[in-house]
Each structure stands twice: as structure tokens, then as C-alpha cells.
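below are the sequence and a predicted model; questions follow.
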Amino acid sequence: MIPRTMKAVLIPALCTTLLCASAATAGIPSDFDQQVKAFAGRMTSKHDLDPVELNQLLSEIQYHQKIIDAISRPAEAKPWFKYRKIFVTKTRATEGVEFWNANRELLERAEQKHGVPAEIIVAIIGVETRYGRHGGSYPVIDALATLAFGYPKRSAFFSRELEQYLLLVGEEGLDPRTTKGSYAGAMGLPQFIPSSYRAYAVDFDGDGKRDLLKNKADAIGSVAAYLKRHGWQRGKPITYKAKGANSRHRAFVKAGMKPSLRIDKLAKAGIRPEKPLPGSSLSSLILLDGDKGKEYWLGLTNFYAITRYNHSNLYAMAVYQLSQKIVSLRATGGKK
């Protein structure tokens, strides 16, 4: 371990090296190196990391303007009828049936242990990475650093994720330089960000490792464990269409994503679920822009659990509808 007295020399050197390595990158913020310097100081003092190793690692970071561009136009900004066409497709459902059949025993075990239906686990992995086909092409450390020091709107969040990543690679034996993920630093088949990886990933096959990058067992078990930890209720419904809802009910829509509206209260306002629910059940009222106009849905507790994976009603609805398409296709042997 390098003595702490040497950090004052090594950390400024880190920033000078980083600035030189990235100077030719278009769009790099003028204070990028200063932010890295401050981050490096926090990391070495807070976690007692070797400043020489940290110096070398961070000196290799590359800033990517494409990452800033991508996060500035997320798919979740699209209207539902466009967003749905990206994820709820026959091709993705067909691939989901194949993934389900190939991993049936793992999915059954995950469902039995955590109560999350196989089709929901499959659909999440399908939406996230097309069942592992598209895990991301950016070095995770580059993505997180670019957003931490080049995207002020979410700087605090991504600085924490970069911190979590540096801790994660040591814990899980990942290569901090070559591990790749999404533009937002999400990794593996289920696209866990570093803090979620550390907190919720599980070793589902008992080999002593939590490998979400290549291990389908760990990915399946971790998705189920994540949803269970975020409130998934075994055997409960996810969402129903809201009959009778219209523009007069915008106040209910504005109540937010978390289920807080009693079904009996909604009934008094003329809103009913397409299938019976106890009057004491809690729901949110969701408004989506569909192909044929406004769509209203009831977001129940399990729907909300899916939004904890990605804080978007569009995302959760895509997962739900893809899951139903997969179930239907699997039941007919792929003929639908």
C-alpha cells in the first residue's frame, strides 16, 4: 500500500494524464480533470484505495460525447405507441420463448423461491438485452465517468455509481478496464447498475461467484431477487385496464406512480378494473398515448415493483405486455 503522504503528488498527476489523454475528445467539459481530481481524492481517503493503481486506472478513462447524447434522448421520452413497437414484438417474444425453454429449470426455481413468474423474468431480460445479445458496447468505467463529470444534471448519481463500480470490480473480480455495458453503466444480461449489482445480485448456481455478465443462472436469480426485494407479491396481479377513466380523472394520474388510490375510491369516480379487485387494494392510474388514443391502466403493487427496475411506466408496461406475448406464443408452440 502506498503511504497516504504520497497522494498529494499522485492525484494531481492523475488529472494531468487524464486531461492529456482526453484533450482531443470533442465536447469534453473544461473542468473534467478538476472533477476527476476531487473524485480521486474522495475515493482514496474514503476507501483506502491504492493511489498508484487508481492513478493508472483513471488515467485511461475516455470521455464519450455519444453517451451524453444518448442519455439526453432516452427511449422513455417517446410516446407509448412508439416505445411499445421497440420492445413488444413477435421477434422478441419468439426469442423469449427460446430463452424460457432453454432455461426452464432455472426459471422454475427462481419463481418458486421468489414468487416472480418466469415470464416476467424472461421479459425483463428480453427488454434489457435481447436475452444477452446486446449487453452494451461502452467500457463501464468510461460511461460512468463521462456522466459523473460531463452531465451535471445527474452528476451526483453517476459519481456514486462510479464509486460503487470501483468497489464492485474488487469484490467480484471484474476487469475494470474491459467490462462493458450500456451508455448508463448498466451491466450484464439484466443490466444492473453497479449499486444494484452490489446490493441485489445473487449467486444462483452456487459456484461462489455473482456473474451477471455471462452466467444465465445468476442473471435469472438476480432479477427475481431484485423484484422480490422491491415489493413483488407472489400470485398477485400486475395491471388491469381502467374502464371508465377519461380526461376528467387527470388528478388521479397526477397522484404518481406509487399505488396510493383505493379501488373503492376509484369506483366512486367511475373507474373500474377490467377484473374484480378488493376495494381496499391500492393502485395508481396510468395514462398512455396508444395507437388509437389515450389508454388508462391501473398500476398495482407488482407493476410498481417493475418500475423500481426502471422508473418508468412505459418500461413496466412494455415488460408486462411482452411477458403476456411470450406466454401466448409459448402456449401455441410459436404459431401466434
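Sure, I can see it.

list the buried residues for the helix or strand where Lys265 lies?
Here Lys265 sits within helix 263-268, counting by DSSP states H and E. Residues of helix 263-268 classed as buried: Ile263, Leu266 (neighbour count, 16 or more other C-beta atoms under 10 Å). (C-beta placed from N, C-alpha, C; glycine too.)

pull the distance from that helix to the chain's centre.
Counting by C-alpha atoms, centre = their mean, to the nearest Å, helix 263-268 is centred 33 Å from the centre of its parent chain.

so which other helices or strands are in contact with it?
strand 282-290 (3 or more C-beta pairs under 8 Å, 6 or more residues apart in numbering; DSSP states H and E).

need the pLDDT of Ser72.
In this model, Ser72 is scored at 91, pLDDT.

again, but for Leu49
So Leu49 comes in at 84 (pLDDT).

double-check that it belongs to a strand.
No: the assignment for Leu49, made by DSSP: H, G, I helix; E, B strand; the rest coil, is coil rather than a strand.

spatially nearest residue to it, not counting backbone neighbours?
Met43 (5.5 Å; C-beta to C-beta, 6 or more residues apart in numbering).

helix/strand/coil for that neighbour?
helix.

strands of the stretch 101-250 of the chain, start to end?
Listed in chain order, the strands of the stretch 101-250 of the chain (DSSP state E, counting those that start in this stretch) span 138-139, 180-181, 239-243.

can you lay out those as CSV showing mean pLDDT, mean neighbour count and distance to Ser30?
Below are the strands of the stretch 101-250 of the chain laid out as CSV (pLDDT from 0 to 100; neighbours: other C-beta atoms under 10 Å; distance: least, C-beta to C-beta, whole Å):
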stretch, mean pLDDT, mean neighbour count, distance to Ser30
strand 138-139, 97, 21, 23
strand 180-181, 97, 22, 27
strand 239-243, 98, 18, 47
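
out of those, flag the one nearest Glu95.
strand 180-181 (20.5 Å; C-beta to C-beta).

now stretch 324-336: buried residues?
In stretch 324-336, counting by 16+ other C-beta under 10 Å, buried: Gln324, Lys325, Ile326, Val327, Leu329, Arg330.

pull the contacting residues for the second one.
Lys325 makes contact with Val88, Lys90, Ala93, Gly96 under the criterion C-beta atoms under 8 Å, 6 or more residues apart in numbering.

among those residues, name the buried ones.
Buried among the contacts of Lys325 by 16+ other C-beta under 10 Å: Val88, Ala93, Gly96.

backbone phi and psi for the first one, please?
Backbone dihedrals for Val88, given as degrees, to the nearest 10, come out at phi -100, psi 80.

would you mind measuring from it to Lys258?
Distance, Val88 to Lys258, using C-beta to C-beta, to the nearest Å: 24 Å.

repeat for Tyr309
Tyr309 is 15 Å from Lys258, by C-beta to C-beta.

which of the buried ones among the contacts of Lys325 sits closest to Gln34?
Val88 (44.8 Å).

and the pLDDT at the closest one?
98.

that one contacts Ala318, correct?
Yes: using C-beta atoms under 8 Å, Val88 makes contact with Ala318 at a distance of 5.8 Å.

which strands and helices lie in contact with the helix or strand containing Phe81?
Following DSSP H and E, one finds Phe81 within helix 80-87. Using 3+ C-beta pairs under 8 Å, 6+ apart, the elements in contact with helix 80-87 are strand 282-290, helix 313-331.

dump these to CSV, plus mean pLDDT and distance to Thr146.
Formatted as CSV, these follow (pLDDT from 0 to 100; distance: least, C-beta to C-beta, whole Å):
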stretch, mean pLDDT, distance to Thr146
strand 282-290, 98, 32
helix 313-331, 98, 23
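
quick one, which of the ones you listed gets closest to Asp69.
Nearest of these (C-beta to C-beta): helix 313-331, 20.4 Å.

that closest one relative to helix 80-87, how many degrees between them?
Interaxial angle, helix 313-331 versus helix 80-87 (axes from the mean of the first three to the mean of the last three C-alpha atoms, to 10 degrees): 50 degrees.

with just CA atoms, put helix 313-331 into CSV.
Backbone C-alpha positions of helix 313-331 (Å, rounded to 0.1, in the frame of the first residue of the first chain) are rendered in CSV as follows:
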residue,chain,number,x,y,z
ASN,A,313,-44.5,3.3,-16.5
LEU,A,314,-43.6,2.8,-20.2
TYR,A,315,-40.9,0.4,-19.2
ALA,A,316,-43.1,-1.6,-16.8
MET,A,317,-45.9,-1.8,-19.3
ALA,A,318,-43.5,-3.0,-22.0
VAL,A,319,-42.3,-5.7,-19.7
TYR,A,320,-45.8,-6.7,-18.8
GLN,A,321,-47.1,-6.8,-22.4
LEU,A,322,-44.0,-8.6,-23.7
SER,A,323,-44.4,-11.2,-20.9
GLN,A,324,-48.0,-11.8,-22.0
LYS,A,325,-47.0,-12.1,-25.6
ILE,A,326,-44.3,-14.7,-24.6
VAL,A,327,-46.8,-16.7,-22.6
SER,A,328,-49.3,-16.7,-25.5
LEU,A,329,-46.7,-17.7,-28.1
ARG,A,330,-45.2,-20.4,-25.9
ALA,A,331,-48.7,-21.9,-25.3
